[in-house]
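Asker: Sequence below, structure please.
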Amino acid sequence: MDSKAPSCDLYVSAMLLSAAGDALGYRNQLWEYCKSGPQIHGELEELGGLPKIGVSLPDWPVSDDTVLHLATGESLATGKMNVDLYHQLASRYVAAMTDMEGRKPGPTSILGTSQLIPLHPDGYKIPFNPSATGCGAAMRAMCIGLRFPRPSELSLLVSVSVESGKMTHNHPTGYLGSLASALFTSLSVQRVPLEQWGVRLLETLPLALDYVRSTEADVGPHLEAWDYFRESWERYLTERGLLQGSGPVVFPSLYGAAERDLEYGRWSLDGWPGRSGHDAPMIAYDALLGAGSSWEELCRRSMFHGGDSDSTGVIAGCCWGAIHGLSGVPKGNYSALEYRERLEAVARSLHELAWGGH
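Answerer: So this is what the prediction gives:
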């Protein structure tokens, strides 16, 4: 059964709060590269707390995450599908790399886009990369879930999220992060209870594997690297008591900023929480589970931690906005965002494409 159409305002909220989460977690490079959540929380208090922060240039730019998320959204907004869409995505990802001054794009995104040859046959495909485990695909894929939000569109969501992810992060740990972000946003739109999201992701992984098997000329390296993502999520869901898809969620008894830094670090691939394709959506999901309807608590958990805090914030902000809208969010956190007009235009276009006939 397909979902009831959400309001366009929720789509706008999702895009705006994704960018807000990015800019807040980034803090113009200061917080993305800070290893201490408690230090970030202390600096936040010195700034007067979250309600006092006006997210705008020059102090609060968006990072590469939002620039590339916009590239995904604006590609989807053309209405193109299949190979035409993939060429559109490749073209816009390449173009987006000219807007990276001061935004700190990841090395894998830089390498991947340099290998793309937009509009050439198969020019949106790059070689398998055994090192492409980062979160660069995950942090730009949320709007795919806005474009394909219905259960009946799951196969489309899988193919587009995997193909878009592979354009820079052609490794399962990388492009399955793209799938996770897109899926979680679609589940936000569908109003699926949060406690079910992790199991829904595990249930979707076989569809992604079938897709990769059917489209890759040399599937061997993908199969060899496949299990890490799934096993990481199975461990996490087991610890949270959610492996059966029902709550209540089990958090550690002490789970403040310092404890979260340790916990998030334990999930990471290389000791930098949120940097990888599996743990950026994982930290975002953990934050959503713990924050409820509180934007401030979401920010504390997903944007103000030691590690890749803009990438976890951009994912969590999008999902939270799709569920809760702008209610309870300080206006200064989003009203003067860099690229606000583009974000709102993408949101309206995606809503029209996804729900215009409903």
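
Asker: Model confidence for the residue lying closest to residue 304 once chain neighbours are set aside, exactly?
Answerer: Closest residue in space to residue 304, ignoring its immediate chain neighbours: residue 40 at 4.6 Å, by Cβ to Cβ, 6 or more residues apart in numbering. The C-beta positions use only the backbone N, C-alpha and C, and glycine is treated the same way. On pLDDT, residue 40 comes in at 98.

Asker: Next: residue 33.
Answerer: Taking residue 33 on its own, its pLDDT is 89.

Asker: Count the neighbours of it for me.
Answerer: When counting by other Cβ atoms under 10 Å, one arrives at 14 neighbours for residue 33.

Asker: and if you look at residue 149?
Answerer: 27.

Asker: do the same with residue 93
Answerer: Neighbourhood size, residue 93 [other Cβ under 10 Å]: 24.

Asker: what mean pLDDT would you report for stretch 225-243?
Answerer: pLDDT averaged over stretch 225-243 gives 98.

Asker: which ones are touching residue 127?
Answerer: 115, 170 (Cβ atoms under 8 Å, 6 or more residues apart in numbering).

Asker: rewinding a little: in three-state terms, how would the residue nearest to residue 304 be classified?
Answerer: helix (DSSP: H, G, I helix; E, B strand; the rest coil).

Asker: Go ahead and confirm residue 198 touches residue 239.
Answerer: No - with contacts counted by Cβ atoms under 8 Å, residue 198 stays clear of residue 239, the gap being 10.9 Å.

Asker: about what we covered before: verify the stated contact: the residue nearest to residue 304 with residue 305.
Answerer: Yes - Residue 40 lies in contact with residue 305 (Cβ under 8 Å); the separation is 7.2 Å.

Asker: Could you check which of these two is surrounded by more residues?
Answerer: In this view residue 40 and residue 305 are compared by other Cβ under 10 Å, and residue 305 has more residues nearby, 30 against 23.

Asker: tell me the pLDDT at that one?
Answerer: pLDDT, residue 305: 98.

Asker: What sits closest to it if chain neighbours are left out?
Answerer: Going by Cβ to Cβ, 6+ apart, residue 305 has residue 37 as its nearest residue, at 4.3 Å.

Asker: repeat for residue 319
Answerer: residue 188 (4.5 Å).

Asker: Can you give the distance of the helix or strand that neighbour falls within from its chain's centre?
Answerer: Assigned by DSSP states H and E, residue 188 belongs to helix 172-190. Helix 172-190 sits 7 Å away from the centroid of its parent chain (Cα atoms, centre = their mean, to the nearest Å).

Asker: other SSEs contacting the strand or helix carrying residue 299?
Answerer: Using DSSP H and E, residue 299 sits within helix 295-302. Secondary-structure packing of helix 295-302 (3 or more Cβ pairs under 8 Å, 6 or more residues apart in numbering; DSSP states H and E): helix 8-26, helix 279-291, helix 309-324.

Asker: how about 6 Å then?
Answerer: helix 279-291, helix 309-324 (3 or more Cβ pairs under 6 Å, 6 or more residues apart in numbering; DSSP states H and E).

Asker: follow-up on the earlier one: from what I see, the residue nearest to residue 319 and residue 323 are in contact.
Answerer: Yes - counting by Cβ atoms under 6 Å, residue 188 touches residue 323, with 5.0 Å between them.

Asker: Counting neighbours, go ahead and name the busier of these two.
Answerer: Higher neighbour count among residue 188 and residue 323: residue 188, with 26 against 19, using other Cβ under 10 Å.

Asker: Compute the distance between the more buried one and residue 149, please.
Answerer: 9 Å (Cβ to Cβ, to the nearest Å).

Asker: if I look at the two, which residues touch both of them?
Answerer: By Cβ atoms under 6 Å, 6 or more residues apart in numbering, residue 188 and residue 149 have no common neighbours.

Asker: so where does residue 348 fall, helix or strand?
Answerer: Assigned by DSSP H and E, residue 348 falls in helix 340-355.

Asker: Show the average pLDDT along that helix.
Answerer: Helix 340-355 comes out at a mean pLDDT of 98.

Asker: just stretch 286-296 next, same as before
Answerer: On average, stretch 286-296 scores 98.

Asker: Show me what counts as buried in that stretch.
Answerer: 286-291, 295-296 (16 or more other Cβ atoms under 10 Å).

Asker: I'd like the residues you listed laid out as CSV, including distance to residue 318.
Answerer: Shown next, in CSV, are the buried residues of stretch 286-296 (distance: Cβ to Cβ, whole Å):
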residue, distance to residue 318
286, 15
287, 12
288, 10
289, 16
290, 17
291, 14
295, 13
296, 17
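
Asker: For burial, what's the neighbour tally of residue 30?
Answerer: The burial count for residue 30: 11, using other Cβ under 10 Å.

Asker: how near is it to residue 309?
Answerer: 10 Å.

Asker: try residue 225
Answerer: Residue 225 is 26 Å from residue 309, by Cβ to Cβ.

Asker: higher neighbour count, those two?
Answerer: residue 309 (29 against 18).

Asker: List the residues that contact the residue nearest to the more buried one when sequence neighbours are not counted.
Answerer: Using Cβ to Cβ, 6+ apart and skipping the chain neighbours, the partner closest in space to residue 309 is residue 25 (3.6 Å). Applying Cβ under 6 Å, 6+ apart to residue 25 gives the contacts 303, 309-310, 313.
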